[in-house]
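In: can you look at this prediction? I've put the sequence above it.
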Amino acid sequence: MNQTTTQASKANSPAGAEKTSHGSLIHIKRPAKLKFYDFYLNEHQNIACRRLHFAGSSFGLLGLAKSIKNRSAKPLLKGIAAGYACAWVGHFFFEKNKPASFKFPLQSFVSDFRMYSDVLRGNLSLKDRKFDKVR
């Protein structure tokens, strides 16, 4: 495949995807950096999953605060464990998908706190998706 064909196929395919000369997708490595949050929100459509993520992030932040106060890593580790447990229950039992953190751990961690911030600012609802202002 020549360079012109490769550039043309990339322009017509989803972010991160490449097409062969036959027009079929080879592989999508990861969502584009600017589009990852959109992907992340698509993975969090279920309200129960969102609530569990919010609770889990809160546990993580409380663990961080307690670790700083007590000068001990133990509360932070407990907060992280509780946070991931909540999130994974939300995905496996309510959302019925695999957590994005399995394939994209850093982007997912950042996006989780962006989602947390959007909930606090009223841009994402924990009651009904029709009240979402993000997207």
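Out: Noted; the coordinates are in hand. Residues are numbered from 1 along each chain as shown.

In: low pLDDT regions in the protein?
Out: Applying pLDDT under 70 to the chain flags residues 1-34.

In: give me the domain ranges for the chain.
Out: Per automatic domain parsing, the domain ranges recorded for the chain read 1-30, 33-131.

In: I'd like those domains as CSV, with mean neighbour count appended.
Out: Using the backbone N, CA and C atoms, a C-beta is placed for each residue, glycine as well. Below are the domains of the chain laid out as CSV (neighbours: other CB atoms under 10 Å):
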stretch, mean neighbour count
domain 1-30, 11
domain 33-131, 16
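
In: quick one, helices of the protein?
Out: Along the chain, counting by DSSP state H, helices occupy 3-11, 36-42, 47-70, 74-89, 105-120.

In: pull out the CA atoms of stretch 118-129 and give them to me as PDB.
Out: As requested, the backbone C-alpha atoms of stretch 118-129 are provided in PDB (Å, rounded to 0.1, in the frame of the first residue of the first chain):
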ATOM      1  CA  ASP A 118     -18.900  16.800  35.400                       C
ATOM      2  CA  VAL A 119     -21.400  15.300  37.900                       C
ATOM      3  CA  LEU A 120     -20.400  17.800  40.600                       C
ATOM      4  CA  ARG A 121     -20.800  20.700  38.200                       C
ATOM      5  CA  GLY A 122     -24.200  19.400  37.000                       C
ATOM      6  CA  ASN A 123     -23.100  18.500  33.500                       C
ATOM      7  CA  LEU A 124     -23.800  14.800  34.000                       C
ATOM      8  CA  SER A 125     -26.800  13.400  35.800                       C
ATOM      9  CA  LEU A 126     -26.900  10.600  38.300                       C
ATOM     10  CA  LYS A 127     -30.700  10.500  38.000                       C
ATOM     11  CA  ASP A 128     -31.500  10.300  34.200                       C
ATOM     12  CA  ARG A 129     -29.300  10.600  31.100                       C
END
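
In: picking up where we left off before, okay if I get the helices of the chain as a markdown table plus distance to Lys98?
Out: A markdown table is the format used below for these (distance: least, CB to CB, whole Å):
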| stretch | distance to Lys98 |
| --- | --- |
| helix 3-11 | 27 |
| helix 36-42 | 13 |
| helix 47-70 | 12 |
| helix 74-89 | 9 |
| helix 105-120 | 11 |
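
In: all good on my end, thank you.
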